[in-house]
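[1] Sequence first, predicted model second:
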Amino acid sequence: MVKPQLNPGQYYKLLHQKRVTELFLSGLRLHIFTELEGWETPASVAARTGLNERNVSLFLNALASIGMLEKDGTRFCNTPESNEFLNETSPLYLGECLLFRENMMSLHSIDEKVKNGPDIQTLHQNIGAEVYDFCEMAKVTVPEMYTGRVQSLLAAVKELFIDRQPGKILDLGGGSGVFAMELVAAFPESKGVVFEHPKVTALPRRLITERGLSSRIEVMEGDFNKDGIGEDYDLIIASGVLDFAKDYLDSFLEKLKHALSANGYLYIVTHEVSEDYQNPPESILGWLSSHLDGLDLLLTKNTIEQALMKHGFHCMEKRDVGGMFKGLPGKFYQVIKEEEHQDD
Ligand SMILES: C[S@@+](CC[C@H](N)C(=O)[O-])C[C@H]1O[C@@H](n2cnc3c(N)ncnc32)[C@H](O)[C@@H]1O
């Protein structure tokens, strides 16, 4: 009889992981976590939602078995995490955002895509804004931004501007404009600009007006690869945007350099992709669907660092600035302008 040399357990684990994910997504779609702020029986959940009582019972039990609910006898309740992030009444409800991201990165038609190849127009244009629904993304990611990104950026910028306030702040490809809004709220003397694609600008305009910040934040509309982005910024935030400037990287970085004030900072968040495109797997798989559609945008960490260096940007190391990078996904850069070279 054949004797196995290795253990095939990983394949069965993958199938189980898929069922776990399907169950979780169904819980979100059926708003189950919004029903379970307190202890409930399947009968009470079914009565309120109109779902089938027998199958709600099986469904809740399965969710509890994967740690998404707590179970006590015949009653079920959210875990603290489910209550904070999956209950629609929470200000940090991520359900809409998680479902959006699942759909955006879905590999459900991967077989056809691999068989049929990319969409020719997408391939030739290579424009992210034509493929991704950035307007919806900006809307649904607002609560996600408050799960740490906004707080850590704010803490870091406050440490950078300890003895002065930034005059002008640019949130480039800023989506909802949350970074700009929170920064100008923290620095009462600062003005902000949110630069966005015309498909997206209605959202930051509305949110800025609702927050009462229209006199302090301007929304600029355009294509950051082709249009001007303004100047004299003490802080430019370029979070998750560099890949969308891939075909224009040199002119884009020159533009950023000229837009920064002499002592200004550039804050960049990228995916830190390895040269062999093997890491991080979350980014490789997350971009796979759109890359199969024809996009080719993902830049490696090395390409980005080389390009930044070539255009005179230098990264502020952790040791320069104490503990402010704690929890921060991105990096700060300063630019060495020509005049400064001559002074040296
Ligand atoms: C991945 S999102 C990042 C959003 C936000 N900065 C963040 O960190 O969550 C990329 C953003 O860049 C914008 N964008 C992409 N290409 C653009 C272009 N050519 N001109 C202007 N904005 C663009 C999109 O509309 C989108 O809001």
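    That came through, no problem. Residues are numbered from 1 along each chain as shown.

[2] quick one: low-confidence ranges for the chain?
    318-327, 337-344 (pLDDT under 70).

[3] near the ligand, which residues of it show up?
    128-129, 134, 138, 141, 173-175, 196-197, 200, 223-225, 239-241, 244 (Cβ under 6 Å from any ligand atom). Quick note: C-beta positions are derived from backbone N, CA and C, even for glycine.

[4] Return the members of these classed as buried.
    Neighbour-count burial (16 or more other Cβ atoms under 10 Å) is assigned, among the residues of the chain next to the ligand, to 128-129, 134, 138, 141, 173-175, 196-197, 200, 224-225, 239-241, 244.

[5] Residue of the stretch 101-250 of the chain nearest the ligand, please.
    Per Cβ to the nearest ligand atom, residue 173 is where the stretch 101-250 of the chain lies closest to the ligand, at 2.7 Å.

[6] Against residue 5, how distant is that residue?
    Separation of residue 173 from residue 5 (Cβ to Cβ, to the nearest Å) stands at 50 Å.

[7] May I ask you to confirm that residue 332 is in contact with residue 267?
    Yes: between residue 332 and residue 267 there is a contact under Cβ atoms under 8 Å: 5.5 Å.

[8] buried sites along stretch 96-106?
    96, 97, 98, 100, 101, 104.

[9] neighbours of the nearest residue to residue 99 once chain neighbours are set aside, just the number please.
    Residue nearest to residue 99 in three dimensions, not counting chain neighbours: residue 28, with 5.8 Å by Cβ to Cβ, 6 or more residues apart in numbering. With neighbours defined by other Cβ atoms under 10 Å, the count for residue 28 comes to 18.

[10] Is residue 28 in contact with residue 101, as I believe?
    No: judged on Cβ under 8 Å, residue 28 makes no contact with residue 101 at a distance of 11.4 Å.

[11] Assumed residue 135 was part of a helix.
    Yes: Residue 135: assigned to a helix according to DSSP: H, G, I helix; E, B strand; the rest coil.

[12] Pull the number of nearby residues for it.
    The number of residues packed near residue 135 is 18, by other Cβ under 10 Å.

[13] That one contacts residue 198, correct?
    No: counting by Cβ under 8 Å, residue 135 sits too far from residue 198 to count as a contact (9.9 Å).

[14] returning to that earlier point: let's see which of the buried ones among the residues of the chain next to the ligand end up in strands.
    Among these, DSSP state E puts 196, 239 in strands.

[15] Looking at the buried ones among the residues of the chain next to the ligand, which are in helices?
    Counting by DSSP state H, these place 128, 129, 134, 138 in helices.

[16] can you pull the contacts of the last one?
    It stands for residue 138. 175, 176, 196, 200, 203, 204 (Cβ atoms under 8 Å, 6 or more residues apart in numbering).

[17] Closest one of those to residue 69?
    Nearest to residue 69 among the contacts of residue 138: residue 176, at 30.9 Å, using Cβ to Cβ.

[18] Leaving aside the residues adjacent along the chain, what's closest to that closest one?
    residue 138 (4.6 Å).

[19] Phi and psi next, for residue 263.
    When read as degrees, to the nearest 10, the backbone of residue 263 gives phi -100, psi 20.

[20] I'd guessed it sits against residue 234; true?
    Yes: with contact defined as Cβ under 8 Å, residue 263 and residue 234 form a contacting pair (7.1 Å).

[21] Neighbour count for those two, which is higher?
    Neighbour count, other Cβ under 10 Å: between residue 263 and residue 234, residue 234 has more, with 23 against 10.

[22] can you pull out the strands in the stretch 101-250 of the chain?
    Listed in chain order, the strands of the stretch 101-250 of the chain (DSSP state E, counting those that start in this stretch) span 168-172, 191-196, 217-221, 233-239.
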